[in-house]
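Student: Just a sequence and a predicted model for now, questions to come.
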Amino acid sequence: MHEIRIEKLIRSRRRTIALEVTHDATLIVRAPLRTPAVHIEEMIREKHAWIQRKLEEMKKRPSASVHEYKEGELFLFLGRSYPLHIAENEDGTIERMDRLNVSRSLGPEIRQRLRRWYMDEAAKEIRARCMWFSMTTGHVPASIRITDARQRWGSCTHKGGLNFSWRLIQAPPEIVDYVVVHELMHISQPDHSKKFWNKVREILPDYERRRTWLRENERLLRI
């Protein structure tokens, strides 16, 4: 039996132990504050086969390219790949056409500036989708924030504010819509009960297909 390493142990006021295999093929354990280490180890042994299977699945899934921010490298935006082009201008702009044109003047700041560009574009697109589906669902978010979250595509606060990771904007439009509808439904249904999923299905009858795509391809979006 292969030894399974716990990458991170998170203790909180939760009542039960939860195991999470991340997109990076690592194991995170969430446990109540005073849970003895022996109980956590016992859980790992009981779930060993499941954990090992999930780890292998994650390792086989497609992963994002390691960018060096050079001419011709591909960058995703709404499901389409755009080759990076270093434009011969000094105006410091980034423009998406048939290529992702980046001003040469950005120089060593290109990584940070591209991240900011993604966040700005995500804000425009995701807010527009939220407003569109608000009319369909009847749920209007108290606020919409674009974050740098790496583990969660979206979240809903107890006050009805929605948060979305800017990395989501790399996914195809239908996947963005799935996450938007998912979080909008949490405004009235905070759990993941059958009632919640039935509400999502009313808006997106094929939500399961979209959810599966996101699970199987999320590593592509982790730049």
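Tutor: Structure's in. What do you need?
Student: For Val179, grab the count of nearby residues.
Tutor: Residues lying near Val179 (other Cβ atoms under 10 Å) number 22. In short, each C-beta sits where N, CA and C put it, glycine included.
Student: same for the helix or strand harbouring it, what does it pack against?
Tutor: Using DSSP states H and E, Val179 sits within helix 173-186. Helices and strands touching helix 173-186, by 3 or more Cβ pairs under 8 Å, 6 or more residues apart in numbering; DSSP states H and E, are helix 110-137, strand 154-156, strand 161-165, helix 194-203, helix 207-217.
Student: Comparing these, which comes out most buried?
Tutor: Across these, averaging neighbours per residue (mean count of other Cβ atoms under 10 Å) puts strand 161-165 on top, at a mean of 22.
Student: Let me know the angle separating it from helix 110-137.
Tutor: With axes from the mean of the first three to the mean of the last three Cα atoms, to 10 degrees defining the directions, strand 161-165 sits at 140 degrees from helix 110-137.
Student: what angle sits between strand 161-165 and helix 173-186?
Tutor: Here the directions of strand 161-165 and helix 173-186 differ by 150 degrees (the same axes, to 10 degrees).
Student: For strand 161-165, give the mean pLDDT please.
Tutor: Averaged across strand 161-165, pLDDT comes to 97.
Student: Next, the buried residues of the helix or strand where Glu57 lies.
Tutor: According to DSSP H and E, Glu57 maps onto helix 48-60. The neighbour-count check on helix 48-60 (16 or more other Cβ atoms under 10 Å) flags 51, 54-55, 58 as buried.
Student: Name the nearest of those residues relative to Ile144.
Tutor: Nearest to Ile144 among the buried residues of helix 48-60, counting by Cβ to Cβ, is Met58 at 30.1 Å.
Student: Quick check: closest non-adjacent residue to the closest one.
Tutor: Counting by Cβ to Cβ, 6 or more residues apart in numbering, Ala25 is the residue found nearest to Met58 once chain neighbours are left out, at 4.0 Å.
Student: What residue spans form the domains of the chain?
Tutor: Segmentation of the chain into domains, based on automatic domain parsing, reads 6-60, 116-221.
Student: Can you check which of the ones you listed gets nearest to Asn89?
Tutor: Closest approach to Asn89 among the domains of the chain is made by domain 116-221 (15.6 Å; Cβ to Cβ).
Student: what's the distance between the closest one and the middle of its chain?
Tutor: Distance of domain 116-221 from its chain centroid, counting by Cα atoms, centre = their mean, to the nearest Å, is 10 Å.
Student: Quote the end-to-end distance of that domain.
Tutor: Terminal residues of domain 116-221 are spaced 16 Å apart (Cα to Cα, to the nearest Å).
Student: following the worst-scoring helix or strand of the chain on mean pLDDT, which helix or strand comes up?
Tutor: In the chain, no helix or strand scores lower on mean pLDDT, DSSP states H and E than helix 48-60, which sits at a mean of 86. The helix or strand immediately downstream of helix 48-60 is strand 74-77, counting by DSSP H and E.
Student: Given that following strand, what are its sheet partners and their directions?
Tutor: When sheet partners are counted by DSSP bridges, strand 74-77 sits next to strand 80-87 (antiparallel).
Student: Before I go, just wanted to say thanks for your time.
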